[in-house]
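In: below is the structure, and that's it, no one-letter string:
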């Protein structure tokens, strides 16, 4: 009985031992191995049965030269740019491909892995060898192409001479569409087809049609400087020239001081009278306030927006009170803005001893006129002060400082259309300070008669002579001297 049982069990044991032994062999010799499984290729190169290092060495030896040899062509009209993959910073991603090849069949349970391994061995598997590309090098190449192909657009130009308006044609430009070209290059790494360089047309900002809206004078003003010195006349000419031809586009602002720049002798300006503390004294740039004042009035008549303006500290003689515009570097400025929907052109010129400013714009849009009116609302009479100088000649009276009346003004702007006022606006309220007249006076002259001399007495016994009375000293009046603390400086 025992023999019979043994005969039954023994074959089963042998069968189990075979199964276990076979499984152990498969696990150790076909599954748990440190090489890439058979049937796996990378970029059509068989790496089955190789270690990672062996596969890496094979790929580098067979594919690295390919990068040096391959290139793509970028075309634009008759221009061609042959760009090698090496110049684009292209590199094969060997490590990623080898890692993917090695991991095939190594995930899941033993029986699942074994099935995958056998399927790969039977049917094969080819893993692509992908590229890495340097985005920085691609951008550099596109920049180089752009420098060769790009054409900057040219704005139309306008110039007004002697009342003649001349406008040149604008020119279209072109630019490489860098974003589109970059995508095309990256996507073409595998195909290496010829690429047509994408171009965007670049429009100029200012066209001839745009400048055609400057079609006539919308405001003009002139002042004269007949009695000015040649130095002052030079400064007016120089400052006017610095403003001639300036253009303000809709919404743009301008600063008189910024446009002219530093007022120095090195830039051609000369000494001429300027107003400091209410008095005229020599200074560099005297006269440029007449330029700014003339421009200011032209701007008002052109209905431009004045954002900063200051009156002189004393009245000036070339415009009505309340319509002047003083400037002083770093202190007083004339600033203005173009709130029209069309560009304006500043035309400045000096003819003889007159300075002219003409503001050109769209006369169809500005279909009204502007009138400026300044009113003196108060006159402040100056005071007279006398300062006693004990050393001066008795009874003398000498003028030391001229007196000047002060004024308060209000200036109004009227818009007139078809002979009717359509808008009234007060644009300024100014105060021109008065200045005291100051005299230096000597001591008062005494009106008391001198005492008659007494006859000398006949000699007798020596007696003590009588002491004559001392004359009464005149009392000094109060010292009311002084001047206004006026820090104003104007380049009159």
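Out: On my side now, so go ahead. This is a predicted model, so every value here is computed, not measured.

In: switch to C-alpha atoms for all contacts and neighbour counts from now on
Out: Noted.

In: contact partners for residue 417?
Out: By Cα atoms under 8 Å, 6 or more residues apart in numbering, residue 417 lies in contact with 367-369.

In: in PyMOL, how would I select the buried members of those residues?
Out: Here is the PyMOL command that selects the buried residues among those (16 or more other Cα atoms under 10 Å):
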select buried, resi 368+369
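
In: and of the contacts of residue 417, the nearest to residue 316?
Out: Nearest to residue 316 among those: residue 369, at 26.1 Å, using Cα to Cα.

In: measure residue 33 to residue 45 for me?
Out: Residue 33 sits 20 Å away from residue 45, taking Cα to Cα, to the nearest Å as the criterion.

In: same thing with residue 128?
Out: To residue 45, residue 128 is 10 Å away according to Cα to Cα.

In: give me phi/psi at residue 82?
Out: When read as degrees, to the nearest 10, the backbone of residue 82 gives phi -90, psi 110.

In: can you name the element that comes right after the least confident helix or strand in the chain by mean pLDDT?
Out: Sorting the helices and strands of the chain by mean pLDDT, DSSP states H and E puts helix 2-26 at the bottom, at a mean of 56. As assigned by DSSP states H and E, the chain's next helix or strand after helix 2-26 is strand 40-42.

In: quick one: strands adjacent to that next one?
Out: Strand pairing for strand 40-42, using DSSP bridges, gives strand 45-46 (antiparallel), strand 125-127 (parallel).

In: buried ones in the next helix or strand after the shortest one, by neighbour count?
Out: To tie it back to what came earlier, the one meant is strand 45-46. Next helix or strand after strand 45-46 toward the C-terminus (DSSP H and E): helix 52-69. Buried residues in helix 52-69, counted by 16+ other Cα under 10 Å: 52, 55-56, 59, 67.

In: can you add distance to residue 147 and pLDDT and give those residues back as CSV?
Out: Below are those laid out as CSV (distance: Cα to Cα, whole Å; pLDDT from 0 to 100):
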residue, distance to residue 147, pLDDT
52, 45, 87
55, 43, 87
56, 40, 87
59, 38, 86
67, 27, 79
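
In: ok, of the residues you listed, which one's closest to residue 277?
Out: residue 67 (80.4 Å).

In: just to revisit the earlier point, among the strands paired with strand 40-42, which comes closest to residue 387?
Out: Residue 387 sits nearest to strand 125-127 of all the strands paired with strand 40-42, at 109.0 Å, using Cα to Cα.

In: so what are the sheet partners of the helix or strand that that closest one is followed by and their directions?
Out: Note on strand 125-127: by DSSP H and E, the next helix or strand toward the C-terminus is strand 131-132. If you go by DSSP bridges, strand 131-132 pairs up with strand 91-92 (antiparallel).

In: which residues touch the partner strand?
Out: The contact list for strand 91-92 (Cα under 8 Å, 6+ apart) reads 64, 67, 129-133.

In: and whichever helix or strand comes after that strand, what does it pack against?
Out: Next helix or strand after strand 91-92 toward the C-terminus (DSSP H and E): helix 94-103. Other helices and strands packing on helix 94-103, by 3 or more Cα pairs under 8 Å, 6 or more residues apart in numbering; DSSP states H and E, are strand 40-42, helix 52-69, strand 125-127.

In: can you flag the weakest of the ones you listed by average pLDDT?
Out: Note on the helices and strands packed on helix 94-103: helix 52-69 shows the lowest mean pLDDT, a mean of 84.

In: quick one: whichever helix or strand comes after it to chain centroid distance?
Out: Tracing the chain past helix 52-69, the next element assigned as helix or strand by DSSP H and E is strand 71-76. How far strand 71-76 lies from its chain's middle: 39 Å, per Cα atoms, centre = their mean, to the nearest Å.

In: strand 71-76: partners in the sheet, and parallel or antiparallel?
Out: Applying DSSP bridges, one finds strand 71-76 paired with strand 79-84 (antiparallel), strand 195-196 (parallel).

In: ok, which of these comes nearest residue 123?
Out: With Cα to Cα, the closest approach to residue 123 among the strands paired with strand 71-76 belongs to strand 79-84: 36.0 Å.

In: what's that closest one in contact with?
Out: 67-75.

In: closest one of these to residue 245?
Out: residue 75 (43.4 Å).

In: ok so, going back, buried subset of the contacts of strand 91-92?
Out: Neighbour-count burial (16+ other Cα under 10 Å) applied to the contacts of strand 91-92 gives 67, 129, 133.

In: residue 103: which of the residues you listed is nearest?
Out: Checking those against residue 103 by Cα to Cα gives residue 129 as the nearest, at 15.3 Å.

In: surely residue 224 is in contact with residue 353?
Out: Yes. Residue 224 is within contact range of residue 353, at 5.6 Å (criterion: Cα atoms under 8 Å).

In: mind checking which of these two has more residues around it?
Out: residue 224 (18 against 14; other Cα atoms under 10 Å).

In: how about that one, nearest residue that isn't a chain neighbour?
Out: residue 354 (4.2 Å; Cα to Cα, 6 or more residues apart in numbering).

In: which residues touch that neighbour?
Out: With Cα under 8 Å, 6+ apart, residue 354 has these contacts: 222-226.

In: ChimeraX command for the buried members of the residues you listed?
Out: Here is the ChimeraX selection string for the buried members of these, based on 16+ other Cα under 10 Å:
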select :222,223,224,225
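
In: just curious, which of the contacts of residue 354 is nearest to residue 119?
Out: Distances from residue 119 to the contacts of residue 354, taken by Cα to Cα, are shortest for residue 222, at 98.6 Å.

In: show residues contacting the one helix or strand that closest one maps to.
Out: In the assignment (DSSP H and E), residue 222 maps to strand 216-224. Strand 216-224 is contacted by residues 290, 294-295, 297-303, 318-319, 353-363, 366 when judged by Cα under 8 Å, 6+ apart.

In: same deal with stretch 252-272?
Out: 229, 231-232, 234-235, 238-239, 242-243, 248, 281-287, 292, 327-329, 333-339.

In: ok, now stretch 145-162?
Out: Under Cα under 8 Å, 6+ apart, the answer for stretch 145-162 is 165-176, 202-208, 211, 245, 347.

In: just the buried members of those?
Out: Those of those that meet the buried threshold are 167, 170-172, 174-176, 202-203, 206-208, 211, 245, 347, by 16+ other Cα under 10 Å.

In: farthest pair in those residues?
Out: 176 and 347 (39.1 Å).

In: how about the helices in the stretch 301-450 of the chain?
Out: In the stretch 301-450 of the chain, no helices are defined using DSSP state H, counting those that start in this stretch.

In: SS state for residue 272?
Out: What DSSP: H, G, I helix; E, B strand; the rest coil gives for residue 272 is strand.

In: right, and the helices and strands packed on helix 94-103 - which one's nearest residue 143?
Out: That would be helix 52-69 among the helices and strands packed on helix 94-103, by Cα to Cα, at 22.3 Å.

In: can you give the contact residues for the closest one?
Out: 35-36, 42, 45, 47, 84-86, 90-92, 94-95, 98-99, 102.

In: how far away from the center of its chain is it?
Out: Centroid separation for helix 52-69 versus its chain: 54 Å, with Cα atoms, centre = their mean.

In: picking up where we left off before, what's the closest of the helices and strands packed on helix 94-103 to residue 427?
Out: Minimum separation from residue 427 across the helices and strands packed on helix 94-103 (Cα to Cα) falls at helix 52-69, 74.9 Å.

In: angle of that closest one against helix 94-103?
Out: Helix 52-69 and helix 94-103 meet at an angle of 140 degrees, taking axes from the mean of the first three to the mean of the last three Cα atoms, to 10 degrees as the criterion.

In: got TSV for the contacts of residue 354, with pLDDT and distance to residue 272 too?
Out: Below are these laid out as TSV (pLDDT from 0 to 100; distance: Cα to Cα, whole Å):
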residue	pLDDT	distance to residue 272
222	97	21
223	98	18
224	97	16
225	96	13
226	95	15
